[in-house]
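Enquirer: sequence first, then the predicted structure, then my questions.
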Amino acid sequence: MLDFIKKNKWVFVIFSISLTLGVLTFFSFINESFIELNYFNFQTLLFIDLALVLLFFLVIVREIYKLFKDKDLQEAGSKANLRYITFFSISTVLPSIVIAIFSLVLFSVGLQKYFDQKITTAVNNSYDVAKNYVDETRNNIEADVLLVAIDINRNAELFHGNPKILQGVLRHQRLIRRLDEVHLLDGSGSIMMSSVKDTSLEFVPPLDRAFELLASENRPIKITDAITNRSSSLLKLESFIDTYLYVVKFLDPKIIKYLKETEQAVNFYYGVENKRSGIKITFVLIYVIIVTLLLFLSITVGIKFASRFFRPIVNLIRASENISTGNLNTKVPIIEAEEEIDKLNKNFNSMIDRLKGQQEKLLLSERHEAWENVARKLAHEIKNPLTPIQLSIDRLKDKYLSKITNENDKENYESYIRTINKQIKDIEHLVNEFSDFARMPKPIIKNTDLKKIVTSVIDLHSLSNVSINFNFLCEKEKILIAADEAQLNRVFINLIKNSIESIMDKSKKNGEFAYKIDIEIEEKNNYIYCTIDDNGIGFSNEDLTKIVKPYFTTKAKGTGLGLAIVNKIINDHDGKIKFESKQNGARVEIILPKNVS
């Protein structure tokens, strides 16, 4: 999914920008955005929104055009692809229309209910209750100062007689009246005695205007400071000389906060009520833009996904058509797709490889059977006259050699006889090769140590070829494999013999050099890999195409059956053999399944 988004990131970028601007337009209209609400700004936002919607629409048209222009999808799977996109689009459009109608009706009804008379009354009453509570709290300060003044006037003699007791009276009055500060001030506003709840707060004396009003009206003066939420009252004490009682009470910050929030809510409520019609129109526009964007995005994703989904299917259809015609060299292109589709493509290619391998084995088996029949007939037809020819030569030698008196003629006669005998031996060798190839038995499978077989073959050849450096690499002590020991022994005897002959032929042409044959065996994933590298004359590209065919040989005295027998043995063991030419030599690689029971 992330890969799909990355490949189509520009589609999602356009959608994200459009959706963000749509939401921004709505919040700008209700004046809750960083963009100032005015006619020009709002019209500009709507124009940009509509332009992006149009751009998205053009993207959809472009994708549809590309889809139908794609020849790959037109040839196969186009109808299914079109049905898929149509179904996807209809499945997106119909619910969107239903939801849009339902949402608009619900919004209209909900907005109407929002401005119901009962709700309006409740909003107004909530603000009045909060405001009245604050006003009542502030007005109570006048009653508090009168009650405190009565008790202090009653204990006026303590001011000079026992100030500590009067201090206690102040504190007691502050606590029972739930005041924050109680002060006794002189006419200049200086503190004579006080009791405060929070000593860290700075004392704020009453204004001179308060003292002037108190002198003229002779009643408690209420002082309200909305900034610091302070309510205070000043009263002259009748039992004292030039002494004033000054009490202070702070309103609870939470109450003030609730009052402000209530006031803001009321203002917002009436602001929305005044813009009711405009909000409905804006909501319809923004909703249409957002739904259209979502719809366009769904259709675009549907088109993209359909192309991504049907292209591998088209490739599978093509490959299956090619296979039906007998072309097993076809492959399903591995393209970027969903994990399941990718797995299907790989399994399909694997199936083709297996079919091709089975076909090759079947054809090879048929060829081997035909070659075996030819070899059997040739061996029979050639071997029959060899015995009488050999007997006739022996008789000619016994009967006439003693009768030749001339030494020169006698020597020539013996030479002729030896040449004929040599050719007969060569023909017998050829017949034996044909017979071996024709009589190749089915392998007798049992658990065998491949490392032991290769080691014995190397020891056999190294005794008669001391000039060649044999390097054998095998990390494990044993390499067990289910195979016919005698046939594998024949395989490695033949291959190493060919490497030795290749090195000797190169030596005759180029002179002496460091003779080397490297043999390595390793085990990977239940398969045995064996490689034989030599620095002989190597293979030509032409030879590689015919090298395992019977009767093909590049040797002067070769029969062309050695590698054919090797190839048949490897195939009978469900393995593979590869011949490669490399710089300064050749490589043979054998791959065999372990199949150990």
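Expert: Nice, thanks for sending it over. All values derive from a computational prediction rather than experimental measurement. Numbering: from 1, shown residues only.
Enquirer: which helix or strand in the chain has the lowest average pLDDT?
Expert: Sorting the helices and strands of the chain by mean pLDDT, DSSP states H and E puts helix 71-75 at the bottom, at a mean of 50.
Enquirer: show me the strands in the stretch 301-450 of the chain, by range?
Expert: 446-449 (DSSP state E, counting those that start in this stretch).
Enquirer: ok, which stretches of the stretch 301-450 of the chain are helices?
Expert: Here the stretch 301-450 of the chain has its helices, by DSSP state H, counting those that start in this stretch, at 339-400, 407-438, 450-464.
Enquirer: out of those, nearest to residue 488?
Expert: Set against residue 488 and scored by CB to CB, those come closest in helix 450-464, at 5.4 Å. For every residue, glycine as well, the C-beta is placed using N, CA and C.
Enquirer: now tabulate the helices of the stretch 301-450 of the chain in a markdown table and tack on mean neighbour count and distance to residue 488.
Expert: Supplementary listing: the helices of the stretch 301-450 of the chain in a markdown table, determined by neighbours: other CB atoms under 10 Å; distance: least, CB to CB, whole Å:
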| stretch | mean neighbour count | distance to residue 488 |
| --- | --- | --- |
| helix 339-400 | 13 | 18 |
| helix 407-438 | 14 | 16 |
| helix 450-464 | 16 | 5 |
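Enquirer: what domains does the record give for this structure?
Expert: By the assignment in automatic domain parsing, the chain contains the domains 2-114+275-320, 140-262, 344-438, 446-593.
Enquirer: any idea which of those domains gets closest to residue 131?
Expert: domain 140-262 (6.6 Å).
Enquirer: centre of the chain to the closest one, how far?
Expert: Distance of domain 140-262 from its chain centroid, counting by CA atoms, centre = their mean, to the nearest Å, is 74 Å.
Enquirer: now do the same end-to-end measure for it.
Expert: Start-to-end span of domain 140-262 (CA to CA, to the nearest Å) is 23 Å.
Enquirer: residue 487: what's it in contact with?
Expert: Contact analysis of residue 487 by CB atoms under 8 Å, 6 or more residues apart in numbering lists 443, 569, 572, 573.
Enquirer: just the closest of these to residue 449, please.
Expert: For the contacts of residue 487, the nearest to residue 449 is residue 573 (15.2 Å; CB to CB).
Enquirer: neighbouring contacts of stretch 320-339?
Expert: 3, 308-309, 311-312, 315-316, 318-319, 342, 345-346, 348-349, 352, 355-356, 359.
Enquirer: export it as PDB, just CAs?
Expert: What follows is stretch 320-339 as a C-alpha-only set of coordinates in PDB (Å, rounded to 0.1, in the frame of the first residue of the first chain):
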ATOM      1  CA  SER A 320      -1.000 -19.200 -21.000                       C
ATOM      2  CA  GLU A 321      -1.800 -18.600 -24.700                       C
ATOM      3  CA  ASN A 322       1.800 -19.000 -25.700                       C
ATOM      4  CA  ILE A 323       2.100 -22.200 -23.600                       C
ATOM      5  CA  SER A 324      -1.100 -23.600 -25.300                       C
ATOM      6  CA  THR A 325       0.800 -23.200 -28.600                       C
ATOM      7  CA  GLY A 326       3.700 -25.200 -27.200                       C
ATOM      8  CA  ASN A 327       6.100 -22.300 -26.500                       C
ATOM      9  CA  LEU A 328       7.600 -23.200 -23.200                       C
ATOM     10  CA  ASN A 329      10.200 -20.400 -23.500                       C
ATOM     11  CA  THR A 330       7.600 -17.800 -22.500                       C
ATOM     12  CA  LYS A 331       7.800 -16.100 -19.200                       C
ATOM     13  CA  VAL A 332       5.400 -13.900 -17.200                       C
ATOM     14  CA  PRO A 333       7.100 -10.500 -16.700                       C
ATOM     15  CA  ILE A 334       7.800  -9.900 -13.000                       C
ATOM     16  CA  ILE A 335       6.300  -6.400 -12.400                       C
ATOM     17  CA  GLU A 336       5.600  -4.500  -9.300                       C
ATOM     18  CA  ALA A 337       2.200  -5.800  -8.000                       C
ATOM     19  CA  GLU A 338       0.500  -7.000  -4.800                       C
ATOM     20  CA  GLU A 339       2.200  -9.700  -2.800                       C
END
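Enquirer: for the stretch 301-450 of the chain, give me the ranges with low pLDDT.
Expert: 303-304, 306-308, 335-338, 367-368, 371-372, 374-383, 426, 429-441 (pLDDT under 70).
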